[in-house]
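Asker: Provided below are the primary sequence and the corresponding predicted coordinates.
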Amino acid sequence: MHLLICGNGYLGGAVKTQAVKRNWKVDTCSLSGDHDNHACDLGDEESVRNLVSIVGRPDAVVHCASSGKGGAEAYQHVYRNGIANLARYFPESLLLFTSSSSVYNQTDGSIVTEISPALPERETGSILLEAERLTLAAAGIVCRLSGIYGPGRSVILKKFLSGEAVIEEGGDRYLNQIHRDDAATAMIMLMELAWENTPHPIRGGIFNLSDSQSLTQRELYQHFADSFQRPLPPQGPRDLQRKRGWTHKQVSNRKMCEIGWQPSYPCYLDALSELCSIL
């Protein structure tokens, strides 16, 4: 298989590693074009058209580029326009878009599946949904990822260790996360199944990529406090300034598990010793 990865960063690099192990041909692109990536601005039509002349017609294209911590304008350029350009100039390729579980706006602690309402309150979330619709219209695959952690990265743990963490309103809010390598494995599996023409409707499907167990904020910080012999973070109000909105839900990965995927880290705590050794 010939794979093009658009956004060869933290997640894209892990997808590339797993694809190379399977002897796939892999091309990568990034905005800057450094580190042996092809340079491409996904939101610019001419740039994507030029990319076709360089990489040809890959079997699959993964969009996992970052907005660079930008707001709605950056989201529109990278995600909505980026997917539109990829769908236009790679019409024969299987398109996989990495969206976010933040499109689920539930605040009642309920379990959310791929058929649960996705009604984000922020403009950035609405733009992600637009990119999802374009992907599905091209018979592509949408992966809604929870917060990514893994080697060298854990925003929640770093906040705890730096003293920035706050337990919001008693800490009952569920936190949904996914190990980077588990996310990459799931993405590879979905592409393989799509090309094997499995009876399961992979093409045109939405899949949640999340750990098997969601933890509350208090549960997680209590484990940190016990592990590092430190006090719990202070209590505080909910953070309503979160870029993708404040939510309280449990993201279900059952659909992925039903097609044979099993995370190596079913729960964030399964990776805690590994994270502690490298952070």
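Answerer: Perfect, thanks for sending it. The structure presented is a predicted model; accordingly, all values stated were derived computationally and were not measured. Numbers count the residues shown, from 1 in each chain.
Asker: check which helix or strand covers residue 33.
Answerer: Assigned by DSSP states H and E, residue 33 belongs to no helix or strand.
Asker: not counting its neighbours along the chain, what's nearest it?
Answerer: In space, and not counting its chain neighbours, residue 33 is closest to residue 39: 2.6 Å by C-beta to C-beta, 6 or more residues apart in numbering. (Each C-beta comes from the backbone N, C-alpha and C, glycine too.)
Asker: just give the number of residues close to that neighbour.
Answerer: 14 (other C-beta atoms under 10 Å).
Asker: tell me the spacing between it and residue 6.
Answerer: 12 Å (C-beta to C-beta, to the nearest Å).
Asker: try residue 120
Answerer: Distance from residue 120 to residue 6, by C-beta to C-beta: 23 Å.
Asker: these two: who's more crowded?
Answerer: residue 6 (31 against 19).
Asker: before we move on, the earlier item: what do residue 39 and residue 6 both touch?
Answerer: residue 29 (C-beta atoms under 8 Å, 6 or more residues apart in numbering).
Asker: show me where the stretch 51-200 of the chain has strands.
Answerer: Taking DSSP state E, counting those that start in this stretch as the test, the strands found in the stretch 51-200 of the chain are 60-63, 94-100, 111-112, 141-145, 147-149, 167-168, 174-175, 177-179.
Asker: what helices or strands is the fifth one leaning on?
Answerer: Spelled out, it's strand 147-149. If contacts are counted by 3 or more C-beta pairs under 8 Å, 6 or more residues apart in numbering; DSSP states H and E, strand 147-149 sits against helix 155-162, strand 177-179, helix 180-195.
Asker: burial of residue 35, as a residue count?
Answerer: For residue 35, using other C-beta under 10 Å, the count is 9.
Asker: how about the helices and strands packed on strand 147-149, which one is nearest residue 138?
Answerer: Residue 138 lies closest to helix 180-195 among the helices and strands packed on strand 147-149, at 12.5 Å (C-beta to C-beta).
Asker: C-terminal to the closest one, what's the next element?
Answerer: strand 206-209.
Asker: helices or strands up against that next one?
Answerer: strand 141-145, helix 180-195, helix 254-258.
Asker: ok so, going back, save the helices and strands packed on strand 147-149 as a markdown table, and put in distance to residue 92 and mean pLDDT too.
Answerer: Output for those, formatted as a markdown table (distance: least, C-beta to C-beta, whole Å; pLDDT from 0 to 100):
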| stretch | distance to residue 92 | mean pLDDT |
| --- | --- | --- |
| helix 155-162 | 38 | 94 |
| strand 177-179 | 30 | 98 |
| helix 180-195 | 12 | 96 |
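Asker: sketch out the low-pLDDT regions of the stretch 101-250 of the chain for me.
Answerer: Along the stretch 101-250 of the chain, segments meeting pLDDT under 70 span 198-200, 240-245.
Asker: surely residue 85 meets residue 41?
Answerer: No. At 9.3 Å, residue 85 and residue 41 do not qualify as touching, with contact defined as C-beta atoms under 8 Å.
Asker: what residues are shared contacts of these two?
Answerer: In contact with both residue 85 and residue 41: residue 48, using C-beta under 8 Å, 6+ apart.
Asker: make a markdown table from the strands of the stretch 51-200 of the chain and add mean neighbour count and distance to residue 155 to it.
Answerer: A markdown table is the format used below for the strands of the stretch 51-200 of the chain (neighbours: other C-beta atoms under 10 Å; distance: least, C-beta to C-beta, whole Å):
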| stretch | mean neighbour count | distance to residue 155 |
| --- | --- | --- |
| strand 60-63 | 28 | 22 |
| strand 94-100 | 24 | 14 |
| strand 111-112 | 18 | 21 |
| strand 141-145 | 25 | 14 |
| strand 147-149 | 21 | 7 |
| strand 167-168 | 19 | 15 |
| strand 174-175 | 20 | 10 |
| strand 177-179 | 27 | 9 |
